[in-house]
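1. Show me how the following folds:
(one chain, ligands or ions: 9)
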Amino acid sequence: MAWTPDPSRWHGLFTLLLAGMLAASTTQAAEKIEPSTEMTPAGGGETACPECPANPGVHGILGGPHFVVADPRTPAANAACEACHGPSREHTLFPTRIASIRFGEGSHLTPEEQSAQCLGCHQGDHIDWASGTHAAEDVSCVSCHSLHAGRDQVLNRVTVADKCVSCHLRVRMEINKPYRHPVREAAITCTNCHNPHGSPAEAMLVRETVNQTCYQCHAEKRGPFMHEHEPVQDDCMHCHNPHGSNHENLLLVRAPFLCQQCHSDHSHAREAYDFEDLPLGSGSRQSRVVGGACINCHSQIHGTNNPGRRSMRQ
Ligand code: HEC
Ligand code: HEC
Ligand code: HEC
Ligand code: HEC
Ligand code: HEC
Ligand code: HEC
Ligand code: HEC
Ligand code: HEC
Ligand code: HEC
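-> Residues are numbered from 1 along each chain as shown. Ligands and ions are numbered 1, 2, ... in the order given. Have a look, this model is predicted:
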């Protein structure tokens with residue numbers, strides 16, 4: 001016979017059990033609680049769990065996509081709570097017996113095993129998960145996703161970056177520098193460039209290379225140009241930090257030093273501040289040297305189509 005929940009019986013029992021659970025949690029190491037292994041009989045998990053007053057905070061999941069009963073792919077249509085928490089008959093009968101699968105810090109499963117519980121249904125959308133850095137570094141699905149909260153912070157473009165930088169502290173510092181992409185304004189966010197579920201590219205970029213990733217929005221930098229500047233075609237990161245910088249235009253280093261990292265071997269490139277070395281006639285030298293230095297003259301730094309201008313000046 002299917003077990004029928006009786007809320008009136010539950011409440012009295014529950015207060016006692018809650019006290020027991022709290023005590024148990026402090027002595028858990030000493031007294032090992034075996035997780036239950038048996039499925040709740042039909043009608044049990046679906047009805048008993050949502051009615052449980054133990055933790056009203058978990059009920060947010062009932063209004064979300066996992067509890068669309070009409071959708072045969074959802075947990076609601078497949079053993080409900082037990083689709084994620086595992087067969088937990090004993091838990092529904094004796095709440096001090098924990099559900100067989102728990103997530104996050106209280107879990108006895110490895111992060112990989114926890115993610116496997118989700119991938120059973122979500123493998124299709126996440127083919128690169130296993131080869132991604134997050135999986136390799138023991139970050140699990142629930143390190144980012146909050147399934148019981150009514151709103152999942154990482155599914156919202158405005159709040160996702162906060163979640164990411166809660167672990168990525170250096171990036172947090174970078175996106176707060178004076179020159180940065182408008183990440184804090186949510187005009188662009190981490191997931192425009194990275195796929196948190198893994199990708200075949202380095203740093204889990206959403207495109208094959210850094211440059212392809214940038215061209216999504218800065219298409220004009222792709223060229224082709226009649227006169228290309230080698231490092232631009234190679235990798236935007238030679239000169240920019242996409243997360244943020246203390247220098248205008250997200251530059252790693254300010255010109256002329258930026259340029260002199262690679263151009264110090266001949267003529268004026270070595271010493272742009274020395275007026276006498278400059279290749280142009282006298283006159284307005286002063287104004288050309290101050291401020292942006294090299295860029296005042298070589299303004300088409302990403303490449304140019306002007307046939308006469310090999311040195312990227314117009
Ligand atoms: C889609 C998978 C999924 C389903 C379905 C699900 N849960 Fe959870 N549950 C989780 C995850 C993941 C956590 C960890 C915290 C979080 O993400 O909010 C969790 C945490 C909990 C917790 C907090 C205690 C603990 O173990 O850490 C309770 C209680 C809970 N779930 C009960 C339920 C109940 C009751 C249902 C059915 C109404 C249910 N869950 C359905 C995934 C699920
Ligand atoms: C029984 C199958 C099943 C299991 C197990 C399951 N999910 Fe889902 N999940 C679904 C379905 C179905 C949807 C709705 C997909 C859609 O509408 O395209 C969904 C939707 C989602 C969404 C999108 C939510 C939204 O608001 O758009 C996230 C995130 C998610 N699941 C994460 C997880 C995580 C993390 C786990 C493991 C703790 C998990 N799921 C376990 C079936 C499952
Ligand atoms: C590092 C954080 C992070 C981890 C770990 C993570 N996700 Fe996500 N997930 C996200 C973000 C961010 C989005 C929103 C994607 C977007 O806006 O393009 C998302 C979206 C989703 C969606 C909605 C559909 C989609 O693909 O856009 C599902 C389903 C989902 N994740 C399931 C999972 C599962 C299953 C795992 C574990 C195998 C997992 N996620 C691990 C951050 C994460
Ligand atoms: C629970 C902590 C945690 C959260 C949350 C998290 N990450 Fe990570 N992430 C890590 C760890 C650990 C690594 C591996 C060490 C490292 O590179 O910092 C990593 C690595 C990365 C890498 C480098 C990949 C590589 O191959 O070099 C990227 C990119 C990344 N995460 C993006 C994100 C984004 C985007 C989000 C938010 C959607 C996010 N992370 C959320 C922990 C986290
Ligand atoms: C405009 C694109 C872009 C945005 C937006 C972006 N990144 Fe990156 N990120 C990159 C590129 C490009 C790399 C470097 C890849 C390489 O080294 O080849 C990188 C590298 C990383 C790395 C690994 C190396 C490192 O610097 O630690 C992490 C972690 C990371 N990003 C996290 C994030 C997080 C978190 C966010 C959101 C706050 C974010 N990124 C936003 C483009 C971006
Ligand atoms: C999703 C779109 C998007 C992607 C992808 C993107 N950017 Fe941007 N980028 C922007 C936006 C938006 C701005 C701000 C434009 C403005 O303020 O007028 C910007 C501004 C910049 C600036 C000028 C910053 C300043 O201080 O004015 C640089 C440099 C830049 N991006 C480099 C890159 C590089 C390098 C990449 C690849 C790693 C990249 N962007 C990828 C959207 C993007
Ligand atoms: C050799 C160094 C160098 C490389 C490599 C480089 N940039 Fe730049 N970038 C600069 C300099 C210097 C400026 C500022 C001068 C200016 O305004 O043109 C700049 C400015 C920008 C700006 C803002 C002003 C504008 O022109 O729109 C964007 C966007 C930008 N770069 C994107 C990129 C992208 C995308 C790549 C890779 C395809 C890239 N850069 C590669 C040096 C470089
Ligand atoms: C990462 C290395 C690197 C950086 C940084 C760099 N360049 Fe270059 N640059 C090259 C290479 C490689 C070439 C092509 C080989 C050559 O002509 O020396 C080149 C070529 C040039 C040329 C000559 C083009 C021609 O057709 O003769 C000019 C002018 C130039 N760079 C200016 C600059 C300026 C200005 C900066 C700073 C904003 C800069 N470069 C930063 C590597 C770099
Ligand atoms: C006052 C304008 C001006 C400034 C400032 C300037 N350049 Fe030039 N640069 C030129 C002109 C003009 C040429 C072409 C010379 C020629 O064809 O003989 C040139 C050529 C070059 C070349 C091509 C190879 C060569 O040496 O002939 C490189 C590389 C170069 N400049 C780098 C730099 C760097 C790096 C800086 C900053 C440290 C810089 N330039 C500052 C005007 C300038």
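
2. So P231 sits against C239, correct?
-> Yes: counting by Cβ atoms under 8 Å, P231 touches C239, with 6.8 Å between them. Any C-beta I mention is one placed from the backbone N, CA and C, and that applies to glycine too.

3. of these two, who's got more company?
-> Between P231 and C239, counted using other Cβ atoms under 10 Å, the more crowded position is C239 (21 against 15).

4. Can you name the residues that contact that one?
-> Contacts for C239 (Cβ atoms under 8 Å, 6 or more residues apart in numbering) come out as P231, V232, L251, L252, L258.

5. Narrow those residues to just the buried residues.
-> V232, L251, L258 (16 or more other Cβ atoms under 10 Å).

6. out of the residues you listed, which are inside helices?
-> The subset of the buried ones among the contacts of C239 located in helices under the criterion DSSP state H comprises V232, L258.

7. Switch the buried ones among the contacts of C239 over to a markdown table; also include distance to L93.
-> Compiled in a markdown table, the buried ones among the contacts of C239 are given as follows (distance: Cβ to Cβ, whole Å):
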| residue | distance to L93 |
| --- | --- |
| V232 | 67 |
| L251 | 64 |
| L258 | 69 |
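
8. which one of the buried ones among the contacts of C239 sits closest to D265?
-> Nearest to D265 among those: L258, at 15.7 Å, using Cβ to Cβ.

9. before we move on, the earlier item: just give me the closest of the buried ones among the contacts of C239 to T189.
-> Nearest member of the buried ones among the contacts of C239 to T189, counting by Cβ to Cβ, is L251, at 21.9 Å.

10. is it true that that closest one touches H238?
-> No: using Cβ under 8 Å, L251 makes no contact with H238, being 10.4 Å away.

11. Flag the least confident of the contacts of C239.
-> pLDDT is lowest at L258 among the contacts of C239; the value there is 93.

12. Domain-wise, how is this structure divided?
-> Following the assignment in automatic domain parsing, the chain carries domains at 33-101, 145-252, 254-314.

13. List the contacts of Q123.
-> Under the criterion of Cβ under 8 Å, 6+ apart, Q123 has no contact partners.

14. Tell me which residue in the stretch 1-150 of the chain sits closest to ligand 5.
-> Among all residues of the stretch 1-150 of the chain, T133 sits closest to ligand 5, at 8.3 Å; criterion: Cβ to the nearest ligand atom.

15. what number of residues lie near that residue?
-> For T133, the neighbour count with other Cβ under 10 Å is 14.

16. now do the one 5 residues further on
-> D138 is flanked by 11 other residues according to other Cβ under 10 Å.

17. Enumerate every residue touching the closest residue to it other than its chain neighbours.
-> Distance criterion Cβ to Cβ, 6 or more residues apart in numbering; nearest residue to D138, sequence neighbours excluded, is P111 at 4.5 Å. Taking Cβ under 8 Å, 6+ apart, we find P111 in contact with D138, V139, S140, S143.

18. got a winner among the residues you listed for most neighbours?
-> S140 (22 neighbours).

19. That one and F94, how far apart?
-> Shown here: S140 relative to F94, a distance of 28 Å by Cβ to Cβ, to the nearest Å.

20. can you list the weak-confidence ranges in the stretch 1-150 of the chain?
-> Per-residue confidence of the stretch 1-150 of the chain (counting by pLDDT under 70) places the weak regions at 1-55, 95.

21. how about a cut-off of 50?
-> Screening the stretch 1-150 of the chain residue by residue with the criterion pLDDT under 50, one finds the ranges 1-33, 35, 42-44.
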